[in-house]
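Q: Next one to model:
(chains A, B and C)
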Amino acid sequence: MAFGYRRGPSRDALTDYWSWVVTSASSRMACDVVVIGAGPAGIAAATRAAEAGRRVVVLDESPQVGGQIWRHRPGRVPSGPAARCIARLERSRAMVERGASVVDIVIDPSGNGCAVMAERAGAPLVVQGAALILATGARERFLPFPGWTLPGVIGVGAAQALHKTGMSFAGKRVVIAGSGPLLLPVAASLAADGARIALVAEQASGRDVMRFAAGLWRHPATLVQAARYRAAFMRTTYATGQWVTHARGDGRVQEVIITDGWTSRTMPCDILCAAFGLVPDTTLARLLGCVVNANGVVVDERQETSRLGVYCAGEPTGVGGMELSLVEGEIAGLSAAGRPDEARPLHARRASLRASAAAMARAFALRDELRSLATPDTIVCRCEDVPLGAVDRGWTTRQAKLYTRAGMGACQGRVCGAALEYLNGWPPDAVRVPAIPVRCSTLTSEGTERVPSATHGA
Amino acid sequence: MTSAARWDAIVVGAGIVGAACARALVLGGMRVLVLDAGFAGGGTTAAGMGHLVVMDDSTEQLALTALSLTLWRALAPQLPAAVEYDACGTIWVAEDDAQMAAVREKRDVYASAGIASDVVGANELATLEPNLRAGLAGGLLVPGDSVVYPPVAALAMLAEARAHGAVLRESCRVDEILDGAVRCGDETFAAGVIVNAAGAEAARLTPGLPIVPRKGHLAITDRAPGFVRHQLVELGYLTSAHKMTSESVAFNVQPRATTQVLIGSSRELAGWDGSTNRRVLREMLERATLFMPALAQLAVIRTWTGFRPATPDKLPVIGRHEQTPGLWIAAGHEGLGITTSMGTAQLLADLVLGRTPSIDPAPYSPMRGAAFAEDHA
Amino acid sequence: MSETKASEVTIVVDGREVRAPSGVSVAAAMWNAGVTTFRTSVSGERRAPLCGMGTCFECRVTIDDVAQRRACLVTVANGLRVSTRAES
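A: Model (predicted):
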């Protein structure tokens, strides 16, 4: 390898599986840097690495790049940073594989690179690279409450994603009840589409939110966002210290109950957006055995994880917003391309944005009342319909899984896991292949190899 | 700190075997304490398929599995629905005429042990299991076999034991088995009977027990109602289970109560490395899709590994261990732990309580010495 | 298949033709057409998209005979067929 990078794929120390992976998959690509996730962090990382001359392949589950915050329909990239960054990515010659869900990642046993196996439209896709950047973003935290499984109850970021991919909210009566800075921008964009936003309810207290808003002057990067919040605030009823306790309806949500801890009121609605902050998506990092702490994936100043050659940028290292994701992405891209020193000028900005993120987390911390919304009958695992009452608080995640099936369904514990982590303090269970449900045929060969008989060996 | 001697028996290990033994000893009138290093049913029990199957790799294995199935059938009506006891039966699948001859022999062997089974030809097999590939020769249908969900089955047995006074201590790892006692950290529990039911870890507590971990993989699909109706096992499974040293896979699928399809099986010696061996997993899934091509289209949502406690002669260790007074062993069940938990518990209780043993205990004796090394080929 | 404008496509949801602007997700097209049940849960509850980003699996439907596809991650295409009647 010409660029003086620490390592490159070595064919000498390959196992049988590695050998199969790199020779027999139907669609296989080799490159210098594999980036998983094409949100702001992934886009920034891929762009920087490609501009540094590396061959870069980006994998993303969605049909378009942009992650959640820059989600768009084909040809309708949002103006501003999204348009600039996506255009720069396109100019950079990084290859983007869309609609690809990562199933497995295998590290070369000799320590030189990795193979990422993904599934795209039911077929396998393998990308082999010297360095790996995980930019898998964050998911919303859903908490169970009576009626949360009704059609029409969606998340807050979910509303944004669904709206941006074509769901119409025009004329719909919408209640947004949750937590975090996403509430107002989402309300604003739905309102612009003709939704009737009946209420935006932030569970954090007015004092906490005002303290956060007042402190924004320390972190200039977020002032622009704050201005947007104020604008949206003017058009909508924004209540702090209030939260949803029930959703009701026949076959879909038709009314919700909102409380401030003292009095409750019932409001009719067509759509309830209810989500409580974001959780870092650390699934692939944990599959690889990277060290993960309470904030997210642990990385050093070069955004490298505890596994050599595996970098992580953006929300998975700790939820911190779009600007921080961009900066971390740039640093990771430069590091993976063998140019970590070129990222030094970005370190100060990263530190400043991380401080903002910490302030935000403190302001929007979830109140204890949210732990008592669910009754024993409320479903906590939606995939397996396990009620909260079936789960003993004193168990571990694994114990609950084995005894009740909670977390054993198609979402692999992504929804109930975050809820139970908040409700019971349970850390997540270990991750195994497949990282996402996958067709059996994707996990097996295409029949180019002889299938062994049951009596082989011995 | 020593607890006052208030136990007649201490069972080390709250997996399916320990749970069954605790239940049998409690029903025999003993005061029983069950200890587990983790949580009940969380070890090999949690990883297993839960197939209740009569197996004839040897006369002794046939005797123990046949006894066990009878006991499971008697227990079934009391089991809570969450145990998912399903009398779906097994079909041993034959690929060719040579295997059909083996199927007919198998039927006769089963019949000699009082186990009913039917030889089915190619057409009937296809009717019974439409998703099996064309061109198979037929098989042996064993209607008396069934399936349970192992962790909850262990919990159910423990619940019954506890209802009769047994006590379960979890997160209590036994460090040593002493003369008439066990030590967990600085706590000691005393009893006249100590049962080592620690499964794959039994040899840690009773050095010299020839039990080693034999790793297996399993995969489960998303829901597929009606995809498979019986537990399906290829005849070659016996050879796979039999060979001690090599790595092997065998076709073995099971319908679960949730309508998910459970896919097995694999065997390898990998010490205590429980990480997923992608190559073996792939071979296992390939073998399964060879027999059931439509499996290729199903979504696999989870895979995992487990350690079968394997002995050199393929038979479990059940009985008094003369090395330490009061020490009994109930471990080493390889891939038949769920099946033979009931028979093991019955036999162990017979021996401990001085009843006439339900079957000849000699082949399973911990003291069978040189017989351990015999290869029942 | 009825005539569609270039900027529109027609998909088929449980046998019913649904028009949608090109480029929208299957989930959006279904919801806009009034489909509020995407799947039925284990205990018989009606379910629809929750997370909108492919992590909750509530929107999984069969698309063009491939089961378990997340409707929120698939873009509509002319003639695309959706079935919500797969497993529970």
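Q: So stretch A:434-442, near chain C or not?
A: Yes - for a cut-off given as C-beta under 8 Å from any C-beta of the partner chain, stretch A:434-442 has contacts with chain C, namely A:Pro437. All C-beta spots, glycine's among them, are computed from the backbone N, C-alpha and C.
Q: Can you get me the start-to-end distance on that stretch?
A: With C-alpha to C-alpha, to the nearest Å as the measure, stretch A:434-442 spans 10 Å from end to end.
Q: Need the residues that contact it.
A: Applying C-beta atoms under 8 Å, 6 or more residues apart in numbering or on different chains, the contact partners of stretch A:434-442 are A:101-105, A:117, A:119, A:122-124, A:283-284, A:287, A:410, A:412, A:443, B:219, B:221-222, B:263, B:285, B:288-289, B:295-303, C:57, C:68.
Q: Is it possible to mark the buried ones in those?
A: Among the contacts of stretch A:434-442, those classed as buried by 16 or more other C-beta atoms under 10 Å in any protein chain shown are A:101-105, A:117, A:119, A:122, A:124, A:283-284, A:287, A:410, A:412, A:443, B:219, B:221-222, B:263, B:285, B:288-289, B:295-303, C:57, C:68.
Q: and those, which of them are in helices?
A: Using DSSP state H, the members of these that fall within helices are A:283-284, A:287, A:443, B:285, B:288-289.
Q: Would you state the strands of chain C in chain order?
A: In chain C, the strands defined using DSSP state E lie at C:8-13, C:16-21, C:39-40, C:46-47, C:60-63, C:66-70, C:81-83.
Q: For the third one, which strands pair with it and how are they oriented?
A: When pairs are called by DSSP bridges, strand C:39-40 turns out to pair with strand C:46-47 (antiparallel).
Q: Helix, strand or coil: sort out the residue nearest to the spatial centre of chain B for me.
A: By C-alpha atoms, centre = their mean, the mean C-alpha position of chain B lies nearest to B:Gly337, the distance being 1.9 Å. Three-state call for B:Gly337 (DSSP: H, G, I helix; E, B strand; the rest coil): helix.
Q: For it, give me its contacts.
A: B:15-17, B:44-45, B:48, B:199, B:308-309.
Q: between these, which is closest to C:Phe38?
A: B:Gly48 (34.5 Å; C-beta to C-beta).
Q: Which residues are in contact with A:Pro268?
A: A:Pro268 neighbours (C-beta under 8 Å, 6+ apart): A:173, A:198, A:254-255.
Q: next one: B:Phe39
A: So B:Phe39 contacts A:395-396, A:399, B:14, B:170-171 (C-beta under 8 Å, 6+ apart).
Q: Flag every residue of the stretch 251-400 of chain A that's near chain C.
A: A:251-252, A:281, A:379, A:382-385.
Q: other SSEs contacting the helix or strand harbouring A:Ala358?
A: Taking DSSP states H and E as the definition, A:Ala358 sits inside helix A:347-363. Helix A:347-363 makes packing contacts with helix A:206-214, helix A:322-336 when contacts are defined by 3 or more C-beta pairs under 8 Å, 6 or more residues apart in numbering or on different chains; DSSP states H and E.
Q: Where do the helices of chain A begin and end?
A: Using DSSP H, helices in chain A cover A:16-24, A:40-51, A:81-91, A:156-164, A:183-192, A:206-214, A:223-235, A:283-287, A:322-336, A:347-363, A:397-404, A:414-424, A:440-443.
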